[in-house]
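Peer 1: quick one, what's the 3D model for this:
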Amino acid sequence: MRTLRIAAAVEAASLVVLLLNVFTVHADPITSLGGPTHGTAYLVAIAMTWAIPAAAGTSARWLALIPGIGAMLALRRLGADARGRRSGHDVSDPAGNR
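Peer 2: This is a model prediction of the structure:
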């Protein structure tokens, strides 16, 4: 999970840097460094999400595929599922119906 958290933060931060760069100065060195960094963080986030056994029964694996914010959404889903299991609630049904 720690690797997924780091990848999610790098993915989101590098996306912000790339977007700021493209809408302001459009410096080639930033693009050359930020693009591969963002792409690698995106792929690591997907791989780590699919490697977590707890993600198998949730939509976390599919959420991780969303570029830019997918890893953050997957972490949120995994956190909600863990909280639901600890409290005994079925998190797949938000209304709590069984």
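Peer 1: so what's the gap between the helix or strand where Val22 lies and the chain middle?
Peer 2: If you go by DSSP states H and E, Val22 is part of helix 2-23. From the chain centre to the centre of helix 2-23 is a distance of 10 Å (Cα atoms, centre = their mean, to the nearest Å).
Peer 1: run through who's touching that helix.
Peer 2: Contacts to helix 2-23, defined as Cβ atoms under 8 Å, 6 or more residues apart in numbering, come from residues 27, 30-31, 34-35, 37-38, 41-42, 44-45, 48-49, 52, 67-72, 74-75. For the C-beta atoms, the positions are set from N, CA and C on the backbone; glycine is no exception.
Peer 1: I'd like the next helix or strand past the host helix or strand of Ser32.
Peer 2: If you go by DSSP H and E, Ser32 is part of helix 28-51. Using DSSP H and E, the helix or strand that directly follows helix 28-51 along the chain is helix 60-63.
Peer 1: hmm, back to that, show me what the helix holding Ser32 is packed against.
Peer 2: helix 2-23, helix 60-63, helix 70-87 (3 or more Cβ pairs under 8 Å, 6 or more residues apart in numbering; DSSP states H and E).
Peer 1: what would the ones you listed look like in TSV with mean pLDDT and mean neighbour count?
Peer 2: Formatted as TSV, the helices and strands packed on helix 28-51 follow (pLDDT from 0 to 100; neighbours: other Cβ atoms under 10 Å):
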stretch	mean pLDDT	mean neighbour count
helix 2-23	96	16
helix 60-63	94	20
helix 70-87	82	17
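Peer 1: for ChimeraX, what selects the buried ones among the contacts of helix 2-23?
Peer 2: Restricted to buried positions by 16 or more other Cβ atoms under 10 Å, the ChimeraX selection for the contacts of helix 2-23 reads:
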select :30,34,37,38,41,42,44,45,48,49,52,68,70,71,72,74,75
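Peer 1: residues contacting the residue nearest in space to the middle of the chain?
Peer 2: The C-alpha lying nearest the average C-alpha coordinate of the chain belongs to Ala71 (Cα atoms, centre = their mean; 0.3 Å). Contacts for Ala71 (Cβ under 8 Å, 6+ apart) come out as Leu4, Ala7, Ala8, Glu11, Ala12, Ala41, Tyr42, Ala45, Ile46, Thr49, Ala64.
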